[in-house]
Every structure is written in structure tokens, then in C-alpha cells.
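K.L.:
curious how this folds, go ahead:
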Amino acid sequence: MKDRQNELLPREGGGHEHFHVTLLPIDVDRLLHSLGGSGSSSSGGSGDNNNHNDSSRARHLFPTGVVERSEICDDGDDDDDGASVNAGINAGINAGAVLAAYYFDGMPQRIFRLRMYTLYCPEDEIENEIENENAIENENERGQNNDASTSSSSSKPPIIQMKLFTLDKSLEGKLRACSESAVEDWENILQDHLLQNFNDSHDDGDDDGDGDGVGDAQQNIQDIFQEMHRCDIQWTFEPDEIRHAYVKDYSPHQTDESSPSTRPSPPPPPPVLPVPTPVHAIMMHDHDIGGVLLESQMMPGTYIRVQDELSLWENELWINDRGHDAEDIERLVYGNWGGVPYQMKRVSTLVVESSVVLDMDSADDNDASCEAASTGGRYRRKGVDKSIEWTMGKAWRTEEEYEEKMAAIGGTSTKMNRDRKSTSSD
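P.N.:
The predicted structure is shown next:
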């Protein structure tokens, strides 16, 4: 609303589109199990081959080191369900997964970007962490340091890397159909889709006839999660002096313990609440040549160069995402023309309700309805800012409230873009 109050329209107008993001964490252990029980025990014969193929699927999403560590934690199938109770437990510690849906104008069904993110500690970071923990333990045992926090504070903060994936059309369609209930339904829909592909039966032969010894089921992982190559993201506690310059340019002060402020103001009076450490991210590749080359999803057949920086506080996410014409790098296709990041406030938190694993014996392959998925999802939303809860969908507002809010913003983002183009062509 600040952009519109200052008569700033999106893109060339110096402002931003009005959009939102739902970030849904996915349980890594459930994810690995849905890929065919990666890390589960197998004995002899075709089972060894199946275990190898299951691991290959997992490695498409996570690096080899993370997957191998999840397998090391396997202590056998103790509960007769075909998978070890501890399979993937270490992957759950050193890895994560998130479904991310970006949508316009407080309308969850208007998704313009749907992604799967997988996060992990690089292998050398894990080894460093283990070495640091062992060193602290040894020092404490020798009585040389009775305060473990002293040693741990001197260790280098961990680096987290993130891979980006698009989804196959079938899975994406199922998720879009339940966009209003993404928090409650999406994890079960994802698991259902993967179980149908990988857990109905193991393919232990070269059924597709291409001579590679791997059947269709083992190849489907690349079709379901299509990696966006060279779009890897790296998260650290230290901002990049150049690429995260906006942190000092647009957040000179903290107004509370978790959120940056874009309005210059005097420091708050004591007592000053502690500020949780933010984390910052950059795209790791091709920044020096104008960004990663990608085909435009909005205009297939055309290419753009994409650059991105992010900063995450407890209650705010800033995204400095922009795309330039691959043929004319000076021409901005999307993003803010003034280099001001999109500044997104937290609308809700996730409250853990339960954990439900779908029973594939009763699942209907053709039933992708939200009612079928809603068997008791792990999460529900809890609003934290009533002034913007209306952006989460119809269940959080009245029609009159929505019309009032959108009028204050200046209308839908697509309408503003059309108006801008019409004005520029006159």
C-alpha cells in the first residue's frame, strides 16, 4: 500500500506487484519414504537393486552425502512395515524440503510460481560441525572448558544450500486445485502422488528397454521434480556487502525483535529487545554475466537472465528477485527498477496438528479432490497480523473486506500492468 500511496506502480512505475507466498515445510523422512523407502533395509536379490534405485531418487533431491548419512542411521526393519523406524533420521536433521507457492492479490488460486525447495548442509559443513562437537566434548571431558557455549560460539556458522525444482503438470494440477487449503492438504497430496509412482511396486528390471538397467519407475523422479539447473541458493548469516546492500539502505533500524523497518526512525528507547539473527541468501551462479539463463514461463520460447538475493528475519522475508531480457541485459522484464526488494511480512505461523500417512491400499488413483487429501494434515494456520490475514484467502475475509483492501491497493496487479502498457503506448 505504501507504493500506491506514493503513486508507484509496478516495474517501470518504480513500485512492486502485490503478491504473497505460502511456504510449507515437508517432512524429509516422509518424503524419502514416499520415494520408495530410501534408507530402509533390504536383504539380498532384487531388494539390493531396489535400495540402490531408491537412493538414486533421493540423490536427485539431496546431495549424496546427505542420503548416505540417512542410510547409515538405518538399524533395520523393527516394526514389520517394510521400512526402518530410523530410516532418514539424520537426513531430517541435515536436510529440509519446502513447497513454495507465490500468488497475486490475496488470491491463493492465482499462483504464478510453484516450486519445491530442498535444503541441506554441504558435506564439508557437516564434517566441520561433527569435528567442532567432538572437540567441545573432548575439552569438557578433560576439564579444560566447562562452558560448551564458549567453544561453539567460536566455530564458523553453518552454510545452507538450496536446490530449486519445478513440478510435473499432474502434481502441480493437484496442488493448484487445493490452493485455498495448501497448508492443510498439500503434504498429503504430495505423498499420495509419490506413493502412487514409487511404492505400489518396485521395478527391478529394465522395463523401458533402453538398456540402462533402470525401469520407468526409477526415471520418474526426474520428471516429477525437474531441477532448475544453476539456480542453487546459498544461505549464510553474513550478508554480502554488495548484493545485500539493501539491508543497510532500507532497514536502518529494528522496530522490534524480529522485523526490519523501511521508515528511518530514532533508535527505540531502552529496554531494547534482542534481535534474532537474520539469514541472507544469494544465487550461487552466473551473477557476473547478468544472471542465470532460463526460459520464461510466462512467454515460452523467450529467455531471461535471473538474479536473486533474499533476507529472512523471523517475521519478514525480503526478495530482491529480477529478470532481464537475455538479448538486452539492460531491459528489466520483472522486478523493481529501483533495486528495492519485495518486502513481505509474516501473516501466520504453522501450528502442528498431527501427522498422517496415507494408506495406499485405500487410495483412489483418480481421486485428487481436496476432501480426499484432508485426512488430518500436520498443520493449520494461526494468524499473527490481523491487518493482512485477508491475503490468505476467502476463509480469512468477507467479500466486502476484499474489495475494500484491493481498492486501497489500487486494483489487481494484472490490471495495473495492463493500464501501464496502455498508457505507455498512447
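K.L.:
first-to-last residue distance for stretch 312-321?
P.N.:
End-to-end distance of stretch 312-321 (Cα to Cα, to the nearest Å): 14 Å.
K.L.:
contacts for that stretch?
P.N.:
Residues outside stretch 312-321 that contact it (Cβ atoms under 8 Å, 6 or more residues apart in numbering) are 21, 235, 246, 257-260, 276, 278-281, 306-311, 334-336, 339, 341-346, 384. (C-beta placed from N, C-alpha, C; glycine too.)
K.L.:
in helices only, show me the residues you listed.
P.N.:
Mapping these onto helices (DSSP state H) picks out Tyr246.
K.L.:
got a list of what His193 touches?
P.N.:
170-171, 174, 224.
K.L.:
how about it, phi and psi?
P.N.:
Backbone torsions for His193, taken as degrees, to the nearest 10, come to phi -60, psi -40.
K.L.:
helices of the stretch 201-350 of the chain, start to end?
P.N.:
Ranges of helices in the stretch 201-350 of the chain, per DSSP state H, counting those that start in this stretch, are 216-224, 246-250.
K.L.:
make CSV out of those helices and add mean neighbour count, mean pLDDT and distance to Met162.
P.N.:
As requested, the helices of the stretch 201-350 of the chain are exported to CSV (neighbours: other Cβ atoms under 10 Å; pLDDT from 0 to 100; distance: least, Cβ to Cβ, whole Å):
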stretch, mean neighbour count, mean pLDDT, distance to Met162
helix 216-224, 18, 71, 18
helix 246-250, 16, 82, 19
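K.L.:
in stretch 382-402, what's buried?
P.N.:
Neighbour-count burial for stretch 382-402 flags 388-393, 396-397, 402 (criterion: 16 or more other Cβ atoms under 10 Å).
K.L.:
let me know the closest of the contacts of His193 to Ala182.
P.N.:
Distance to Ala182 across those (Cβ to Cβ) is lowest for Lys174, with 11.3 Å.
K.L.:
that older thread, just the buried subset of the contacts of His193, please.
P.N.:
By neighbour count, with 16+ other Cβ under 10 Å, the contacts of His193 hold 171, 174, 224 as buried.
K.L.:
pretty sure the last one contacts Lys169?
P.N.:
Looking back up the chat, that one is Ile224. No - Ile224 is beyond contact range of Lys169, at 10.3 Å (criterion: Cβ atoms under 8 Å).
K.L.:
if we can go back for a sec, out of the contacts of His193, name the ones that lie in helices.
P.N.:
Among the contacts of His193, the members that lie in helices (by DSSP H) are 170-171, 174, 224.
K.L.:
hmm, back to that, go through the helices of the stretch 201-350 of the chain and name the closest to Ala95.
P.N.:
So among these, helix 216-224 is nearest, using Cβ to Cβ, at 15.9 Å.
K.L.:
what about stretch 281-296, how long is it end to end?
P.N.:
One end of stretch 281-296 sits 23 Å from the other (Cα to Cα).
K.L.:
ugh, wrong one, stretch 279-291
P.N.:
Termini of stretch 279-291 sit 22 Å apart (Cα to Cα).
K.L.:
can you give me the buried ones in that stretch?
P.N.:
Neighbour-count burial for stretch 279-291 flags 279-283, 287, 290-291 (criterion: 16+ other Cβ under 10 Å).
K.L.:
which of the buried ones among the contacts of His193 lies closest to Asn94?
P.N.:
Nearest to Asn94 among the buried ones among the contacts of His193, with distances taken as Cβ to Cβ, is Ile224, at 22.8 Å.
K.L.:
show me what contacts the closest residue to Arg243 other than its chain neighbours?
P.N.:
Of all residues not flanking Arg243 in the chain, Glu309 sits nearest, at 4.9 Å (Cβ to Cβ, 6 or more residues apart in numbering). Counting by Cβ under 8 Å, 6+ apart, Glu309 makes contact with 240, 243-244, 246, 280-283, 319-320, 341.
K.L.:
compare the helices of the stretch 201-350 of the chain and give me the one nearest Cys178.
P.N.:
helix 216-224 (17.5 Å).
K.L.:
thought Gln191 was touching Asp29?
P.N.:
No - here Gln191 lies out of contact with Asp29, judged by Cβ under 8 Å, at a distance of 11.2 Å.
K.L.:
give me the distance between Asp249 and Ile242.
P.N.:
From Asp249 over to Ile242 the distance is 12 Å, taken as Cβ to Cβ, to the nearest Å.
K.L.:
so Pro122 sits right up against Met162, yeah?
P.N.:
No - checked against Cβ under 8 Å, the pair Pro122 and Met162 is beyond contact range at 11.1 Å.
K.L.:
poorly predicted segments of the stretch 151-300 of the chain, please.
P.N.:
The model of the stretch 151-300 of the chain has pLDDT under 70 over residues 151-157, 199-219, 251-276.
K.L.:
hey, where'd the strands end up in it?
P.N.:
Secondary structure of the stretch 151-300 of the chain (DSSP state E, counting those that start in this stretch): strands at 160-167, 225-227, 233-236, 253-254, 260-261, 279-283, 292-295.
K.L.:
can I get those in JSON lines including distance to Leu350?
P.N.:
Listed next are these as JSON lines, based on distance: least, Cβ to Cβ, whole Å:
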{"stretch": "strand 160-167", "distance to Leu350": "19"}
{"stretch": "strand 225-227", "distance to Leu350": "23"}
{"stretch": "strand 233-236", "distance to Leu350": "20"}
{"stretch": "strand 253-254", "distance to Leu350": "24"}
{"stretch": "strand 260-261", "distance to Leu350": "22"}
{"stretch": "strand 279-283", "distance to Leu350": "18"}
{"stretch": "strand 292-295", "distance to Leu350": "30"}
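K.L.:
which member of the contacts of His193 is positioned nearest Phe62?
P.N.:
Set against Phe62, the nearest of the contacts of His193 by Cβ to Cβ is Ile224 (14.8 Å).
K.L.:
count residues in the vicinity of Met344, would you?
P.N.:
Residues lying near Met344 (other Cβ atoms under 10 Å) number 19.
K.L.:
what's the distance between it and Gln109?
P.N.:
Taken as Cβ to Cβ, the span from Met344 to Gln109 is 19 Å.
K.L.:
pretty sure Leu99 is touching Asp27, no?
P.N.:
No - look at Leu99 against Asp27 with Cβ under 8 Å: they stay out of range, at 11.6 Å.
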